[in-house]
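Trainee: sequence-free structure coming up:
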C-alpha cells in the first residue's frame, strides 16, 4: 500500500487528502495548489497511512505465529507419545517380573529390577533437548541480530538447500520404486526365458534323436541300395552271359531286324545303344560272329561296322 501524489509525474508521498469527489491525495506542494484551485478542504492522513502500513507488515507475521503453534503442538504430541510408551513399557516389565517370581525365576526378576534402578533419566543431559527444541522451534535469535538482512539471506539459502534435498529425496524414492518395478518385470522375463530355454533344450534333444534315426535309416538304405546294385550287376551279368550262351547263330540270322537290335542292346555291345538306338542310325543288316563277342553291322550305304563287347 503506497500513497503517491495524484499529480502526473509526481512521485512524492501523499499525506494530504482533499474533500473533493474521489478524495484525491497529494503531496504538501500539490495539496496547497489543489486547495486554492478547487476551494476544497484538506485533511492530514499520514498517521492513518502509517497505521495501515503497520498492520500490513504485522499481518505478515501471522503465518509465523500459526506455524509456531502447529510445530509446538507436534513436538508436544511426540513427547506425549514417548511418555505413553514409557508407561506401557513399565507396565509390561512389571507383569514380566510377576511371571518370573511365580515361576521361581527370582534371579531374572532381580536382573530386571537392577537394570531399571540403573536408569536415572533425570540425570540425562537435558540441555541437548533444550538446544534441539530451540533449534527446531525457536527463531528469536534471528530477530535479535543487528545484521538481519544478511541473516535472512543465509536462512533463505539454507531453506533452498533443504528444499533441494527434499526434492532429491523424493526423486530417490521414485527411482527406488521404478527399480523395484523393473526388478519384478525382469524377474518375470527371466522366468519366461528359462521356460523357453528349457523347451528349446528338449526340442534340440528330440531333433538330435530324430536326426540320428534318420541317419541310421539313411545308412540302412545306402547299404540296401549298394547290395541291390551288386545283385543287379551280378544278375545283369549272368543274364547277359546266359543270353549269349543261349543265342544260336542260325536262329539269330532268321530274327527280324528290330528283334536283333533288342538282343544286341541287351548284350551290351560297345556304343551300340548310343549310336544305333539313341541316335537312331539306320541299320541295314546285323550279323553275329561265331565267337559271339563281335557283330557286323551294315547301314544303307553298305558301310560296315564291327562292334565288340
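Mentor: Nice, thanks for sending it over. Keep in mind it's a predicted model, so treat the numbers as computed, not measured.
Trainee: What helices and strands are in contact with the host helix or strand of residue 260?
Mentor: Per DSSP states H and E, residue 260 falls inside helix 257-266. Contact analysis of helix 257-266 by 3 or more Cβ pairs under 8 Å, 6 or more residues apart in numbering; DSSP states H and E lists helix 148-246, strand 285-288 as its packing neighbours. C-beta coordinates here come from the backbone N, C-alpha and C atoms, glycine included.
Trainee: lowest-confidence helix or strand of the protein?
Mentor: Lowest by mean pLDDT, DSSP states H and E among the helices and strands of the chain is strand 304-308, with a mean of 48.
Trainee: weakest of the helices and strands packed on helix 257-266 by average pLDDT?
Mentor: Among the helices and strands packed on helix 257-266, strand 285-288 has the lowest mean pLDDT, at a mean of 64.
Trainee: for the record, mean pLDDT for stretch 254-264?
Mentor: 73.
Trainee: residues of that stretch that come out buried?
Mentor: Residues of stretch 254-264 classed as buried by neighbour count (16 or more other Cβ atoms under 10 Å): 260-261, 263-264.
Trainee: Run a quick neighbour tally on residue 133.
Mentor: 13 (other Cβ atoms under 10 Å).
Trainee: Also residue 27?
Mentor: 20.
Trainee: That one: what's it in contact with?
Mentor: Going by Cβ atoms under 8 Å, 6 or more residues apart in numbering, residue 27 touches 5, 7, 10, 12-16.
Trainee: Next one: it from residue 258, what distance?
Mentor: 146 Å (Cβ to Cβ, to the nearest Å).
Trainee: again with residue 29
Mentor: For residue 29, the distance to residue 258 equals 150 Å [Cβ to Cβ].
Trainee: Residue 79 too?
Mentor: Taking Cβ to Cβ as the measure, residue 79 falls 130 Å from residue 258.
Trainee: cool, and residue 177?
Mentor: To residue 258, residue 177 is 97 Å away according to Cβ to Cβ.
Trainee: Quickly list the domain ranges of this structure.
Mentor: Following automatic domain parsing, the chain resolves into domains at 16-59, 62-138, 159-246, 247-308.
Trainee: What average pLDDT does the shortest one get?
Mentor: The reference is to domain 16-59. 81.
Trainee: first vs last residue of that domain, how far apart are they?
Mentor: 26 Å (Cα to Cα, to the nearest Å).
Trainee: OK, contacts around residue 16?
Mentor: Residue 16 makes contact with 25-28, 31, 42-45 under the criterion Cβ under 8 Å, 6+ apart.
Trainee: before we move on, the earlier item: which pair in the buried residues of stretch 254-264 has the greatest spatial separation?
Mentor: Longest distance between any two of the buried residues of stretch 254-264 is 7.5 Å, between 261 and 263; criterion Cβ to Cβ.
Trainee: before we move on, back to that, and the two most separated of the contacts of residue 27?
Mentor: 7 and 15 (13.9 Å).
Trainee: Would you mind telling me which of those two has the busier surroundings?
Mentor: The residue with more neighbours, out of residue 7 and residue 15, is residue 15; 21 against 17, by other Cβ under 10 Å.
Trainee: any idea how far the more buried one lies from residue 44?
Mentor: Taking Cβ to Cβ, one finds residue 15 at 6 Å from residue 44.
Trainee: Likewise for residue 54?
Mentor: Per Cβ to Cβ, residue 54 is found 17 Å from residue 44.
Trainee: Residue 31 now?
Mentor: 9 Å.
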